[in-house]
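# Dropping a prediction and its sequence here:
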Amino acid sequence: MGIKLSGIKELKAALEDHSKVKEVAGPIVKYHGAQLQGNAQRRAPVDTGNLKRSIRLDIKDGGMTAEVAATADYSGYVEYGTRFMTAQPYVRPAFLQQEGKFVKDLERVLGE
């Protein structure tokens, strides 16, 4: 009884390409994550400034994921509103503004 593996060369090449992608995409993810954080902070309504200060950037997965979130307890109520309060979106518009730029930069770099 034996096991035969084929495609090892292709697998090795794909893994090497993956490490190059991580090398090139990581800085792009960090840059656009920081831009998204800044845009969300600029768009956040300011009463006490707590909501604006609570918007954080967290880089995960070895630099391949940027997570921007507001940690204030009431952030969701401001973003989406309630039946008594009109929504004042600040994260979604910032995301929609940044999304196209992020994709364009990735295509430019990875398309080489």
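Perfect, thanks for sending it. Numbers count the residues shown, from 1 in each chain.
# pLDDT weak spots in the chain?
Applying pLDDT under 70 to the chain flags residues 1-8, 10-19, 112.
# would you list every one of the helices in it?
All helices of the chain, identified by DSSP state H, fall at 8-43, 50-53, 75-80, 91-110.
# Name the stretch among those helices that sits most buried.
The highest mean neighbour count among those belongs to helix 50-53 (a mean of 18), with neighbours defined as mean count of other C-beta atoms under 10 Å. Every C-beta, even on glycine, is put in place using the N, C-alpha and C of the backbone.
# Pairing partners for the residue most central in space within the chain in the sheet, please.
Nearest residue to the geometric centre of the chain (C-alpha atoms, centre = their mean): Ala66, 3.7 Å. Here Ala66 sits in beta bridges with Ile59, as judged by DSSP bridges.
# isn't it right next to Val29, touching?
Yes - with contact defined as C-beta atoms under 8 Å, Ala66 and Val29 form a contacting pair (5.1 Å).
# Gly38 and Tyr31, how far apart?
Here Gly38 is placed at a distance of 11 Å from Tyr31 (C-beta to C-beta, to the nearest Å).
# my bad, should have said Gln37
Here Gln37 is placed at a distance of 11 Å from Tyr31 (C-beta to C-beta).
# How about Ala44?
Look at Ala44 and Tyr31: by C-beta to C-beta, they are 21 Å apart.
# shared neighbours of Ala66 and Val29, anything?
Common neighbours of Ala66 and Val29 (criterion: C-beta atoms under 8 Å, 6 or more residues apart in numbering): Ile59.
# residues touching Ala25, list them.
Shown in contact with Ala25 (C-beta under 8 Å, 6+ apart): 63-64, 106, 109-110.
# Let me have those residues in TSV, extended by distance to Thr71.
Written out in TSV, the entries for those read as follows (distance: C-beta to C-beta, whole Å):
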residue	distance to Thr71
Gly63	22
Met64	22
Leu106	28
Val109	31
Leu110	32
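# Just flag the most distant two among those.
Using C-beta to C-beta, the two most remote members of those are Gly63 and Leu110, lying 15.0 Å apart.
# shouldn't Ser54 be in contact with Ser75?
Yes - applying C-beta under 8 Å as the test, Ser54 and Ser75 come out as touching, 6.7 Å apart.
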